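In: the following comprises the amino acid sequence and a computationally predicted model.
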Amino acid sequence: MTAAPSNVGRLPHNVAGFVRMLRRAGLPVGPGHTIRAVQALDRIDLTDKQQFYWALHGTLVSKPEQRAIFQSAFRLFWRDPFGADAALSALLSKSSVPGPEADRKPPARLEPRVERGAVEAESDERRRAGEQEDEETRFRMAFSSAEVLRTKDFEDMTADEAAAVKEAMRSLRLVLPPIRTRRFRADPRGSAIDMRRTVRSALRTGSETLRLERRSYAARRPTLVVLADISGSMEPYSRVLLHFLHALTNAGDRVHTFLFGTRLTNVTRYLRDQDVDRALDRIGSEVTDWYGGTRIGDALRQFNLRWSRRVLSQGAVVLLVSDGLDREGGSGIAAEAERLRRSCRRLVWLNPLLRFEGFEPKAAGVRALLPHVDEHRTVHNLVSLEQLAEALSGGRI
């Protein structure tokens with residue numbers, strides 16, 4: 001495979017087609033991988049086949065088990081980039097298919113003669129037993145598939161699996177429980193006496209009778225603020241998490257959602273749209289820093305300066321969704337995170353990297369954030385989101 005100069009102009013289109021083919025073959029790759037692959041090819045000698053292969057391999061393969069698929073796809077696709085569909089068919093046609101031997105019918109055997117009624121009765125019984133067994137098998141397969149999907153990492157999902165998870169989130173119901181505030185409300189069974197209302201009531205009756213008016217603390221739904229990272233390292237999670245944030249935003253009237261990469265964008269009014277597809281389409285056109293770098297410190301500073309006093313009312317909880325990988329080396333994160341923590345009731349960090357057993361806070365951004373959060377949770381699959389929803393609904397966050 002050699003790349004002629006006349007084909008260099010079409011190289012990004014061919015790379016995009018190759019990435020689409022890998023995606024359909026089951027690899028968790030997307031637009032961000034396409035951009036990184038094109039950038040990597042821009043830094044090598046395109047006439048060197050080895051450099052070309054390993055540049056794509058380094059940007060599109062993230063796990064050892066993906067190498068065989070990548071190698072087969074590379075050999076098939078780059079032989080003819082315009083025959084992607086045929087190449088994909090060849091790649092996916094490795095399942096076992098009965099050969100000519102399977103079509104041969106066994107020789108007929110002489111069977112003892114039995115009554116026709118007995119044969120039909122036995123046939124019906126076998127058919128019913130077979131249908132029941134098939135139904136049980138389908139149920140077990142469906143249950144097993146659903147369980148695997150619930151525990152599968154978003155990063156490892158195919159496009160169809162991600163679509164199934166997004167569809168499952170449509171039925172997700174969040175009920176944010178009310179919390180007690182410092183304000184009072186009239187309550188005939190309240191434990192405290194409302195002296196102001198008692199005096200006003202006595203003046204209306206000429207002080208002939210004195211009725212003690214009571215009050216209790218008022219309760220309201222807590223304010224929930226979400227700050228979600230949409231940088232390149234969060235690409236496998238951000239699109240799925242947006243469906244969760246849509247359900248979260250529509251669960252109460254005091255939920256505010258912000259997205260950040262290199263800038264901070266308030267998307268609350270878009271997520272309040274009941275149609276999740278229309279809401280995400282509008283967000284996709286309004287937000288301009290998808291899958292780029294991350295400036296966590298700057299995003300927190302913008303929020304603290306412009307939005308903190310507007311949305312962080314009494315008892316507010318802040319959910320920070322990020323892997324903590326910062327392009328600025330953690331600059332300014334500690335001071336802004338500390339200021340944010342003082343402005344809210346709880347600061348919860350949702351980090352997909354926490355799913356790894358050997359996770360250690362080595363990155364500068366992670367080390368800067370950890371001392372200032374009240375809770376550190378993982379969000380990497382459907383089970384983790386269900387647990388988060390349960391904790392929010394149960395008032396444990």
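Out: Nice, I can see it.

In: domain ranges for this protein?
Out: Residue ranges for the domains of the chain, per automatic domain parsing: 5-91, 179-220, 224-393.

In: highest mean neighbour count out of the ones you listed?
Out: Of all these, domain 224-393 has the most neighbours on average by mean count of other Cβ atoms under 10 Å, namely a mean of 19. The way it works is simple: take the backbone N, C-alpha and C, and place the C-beta from them, glycine included.

In: distance from the chain centre to that domain, please.
Out: Relative to its parent chain, domain 224-393 has a centroid offset of 12 Å by Cα atoms, centre = their mean, to the nearest Å.

In: now do the same contact list for the closest residue to Gly261 other than its chain neighbours.
Out: Residue nearest to Gly261 in three dimensions, not counting chain neighbours: Asp289, with 3.7 Å by Cβ to Cβ, 6 or more residues apart in numbering. With contacts defined as Cβ atoms under 8 Å, 6 or more residues apart in numbering, the neighbours of Asp289 are 230, 260-263, 265.

In: ok, back up a step: relative to Asp153, which of the domains of the chain is closest?
Out: domain 224-393 (5.3 Å; Cβ to Cβ).

In: endpoint to endpoint, that closest one covers what distance?
Out: Using Cα to Cα, to the nearest Å, the end-to-end distance of domain 224-393 comes out at 12 Å.

In: kindly report the same for stretch 265-285.
Out: The distance separating the two terminal residues of stretch 265-285, taken as Cα to Cα, comes to 12 Å.

In: now it: mean pLDDT?
Out: Confidence over stretch 265-285 (mean pLDDT, whole number) is 91.

In: not counting it itself, show me its contacts.
Out: Contacts of stretch 265-285 with the rest of the structure, by Cβ under 8 Å, 6+ apart, involve 166, 170, 242-243, 245-246, 249-250, 255-259, 286-287, 289-290, 307.

In: what sits up against stretch 355-367?
Out: Taking Cβ under 8 Å, 6+ apart as the criterion, the residues outside stretch 355-367 that touch it are 153, 294, 296, 322, 324-326, 329-330, 333, 351, 353, 370, 378, 380-381, 384.

In: which ones among the contacts of stretch 265-285 map onto strands?
Out: The strands in this structure, assigned by DSSP state E, contain 255-259 from the contacts of stretch 265-285.

In: for those, give me a markdown table that also has pLDDT and distance to Val148.
Out: As requested, the ones in strands among the contacts of stretch 265-285 are arranged in a markdown table below (pLDDT from 0 to 100; distance: Cβ to Cβ, whole Å):
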| residue | pLDDT | distance to Val148 |
| --- | --- | --- |
| Val255 | 90 | 31 |
| His256 | 93 | 35 |
| Thr257 | 94 | 30 |
| Phe258 | 96 | 33 |
| Leu259 | 95 | 30 |
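
In: mind putting these in TSV, distance to Gly190 included?
Out: What follows is these, written out as TSV (distance: Cβ to Cβ, whole Å):
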residue	distance to Gly190
Val255	29
His256	32
Thr257	36
Phe258	38
Leu259	43
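
In: and Ala337, what is it in contact with?
Out: Residues in contact with Ala337 (Cβ under 8 Å, 6+ apart) are 300, 347, 368-369, 372-373.

In: how about 7 Å then?
Out: With contacts defined as Cβ atoms under 7 Å, 6 or more residues apart in numbering, Ala337 is in contact with 300, 368-369, 372.

In: name the nearest of the residues you listed relative to Asp194.
Out: Out of the contacts of Ala337, the one with the shortest distance to Asp194 is His372. That distance is 39.8 Å, counting by Cβ to Cβ.

In: who's in contact with the closest one?
Out: Counting by Cβ under 7 Å, 6+ apart, His372 makes contact with 337-338, 341, 347.

In: closest one of those residues to Tyr237?
Out: Proximity of the contacts of His372 to Tyr237 was ranked by Cβ to Cβ; the top entry is Leu347 with 19.7 Å.

In: got any ranges where the stretch 1-150 of the chain has weak pLDDT?
Out: 1-9, 79-146 (pLDDT under 70).

In: tell me where the stretch 151-300 of the chain has strands.
Out: Under the criterion DSSP state E, counting those that start in this stretch, the stretch 151-300 of the chain contains strands at 179-186, 192-193, 214-220, 224-229, 255-260, 264-266.

In: can you check what angle separates the first one from strand 214-220?
Out: Same thing as strand 179-186. Strand 179-186 and strand 214-220 meet at an angle of 140 degrees, taking axes from the mean of the first three to the mean of the last three Cα atoms, to 10 degrees as the criterion.

In: okay, now the sheet partners of strand 179-186, with direction.
Out: Strand partners for strand 179-186, identified by DSSP bridges, are recorded as strand 214-220 (antiparallel).

In: export the helix or strand harbouring Leu305 as PDB, just CAs?
Out: Secondary-structure element containing Leu305, defined by DSSP states H and E: helix 296-306. Listed next in PDB are the C-alpha coordinates belonging to helix 296-306 (Å, rounded to 0.1, in the frame of the first residue of the first chain):
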ATOM      1  CA  ILE A 296     -10.900  22.300  34.200                       C
ATOM      2  CA  GLY A 297      -9.500  25.200  36.200                       C
ATOM      3  CA  ASP A 298     -10.700  27.800  33.800                       C
ATOM      4  CA  ALA A 299     -14.200  26.200  33.500                       C
ATOM      5  CA  LEU A 300     -14.600  26.200  37.300                       C
ATOM      6  CA  ARG A 301     -13.400  29.800  37.500                       C
ATOM      7  CA  GLN A 302     -16.000  30.800  34.900                       C
ATOM      8  CA  PHE A 303     -18.700  29.000  36.800                       C
ATOM      9  CA  ASN A 304     -17.700  30.600  40.100                       C
ATOM     10  CA  LEU A 305     -17.600  34.100  38.700                       C
ATOM     11  CA  ARG A 306     -20.700  34.000  36.400                       C
END
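
In: and it, what does it pack onto?
Out: Identification of packing neighbours for helix 296-306 by 3 or more Cβ pairs under 7 Å, 6 or more residues apart in numbering; DSSP states H and E yields strand 264-266, helix 333-343.

In: angle of the helix or strand just after the last one against helix 333-343?
Out: Stepping forward along the backbone from helix 333-343, the first helix or strand reached (DSSP H and E) is strand 346-350. For the pair strand 346-350 and helix 333-343, the angle between their directions (the same axes, to 10 degrees) equals 130 degrees.
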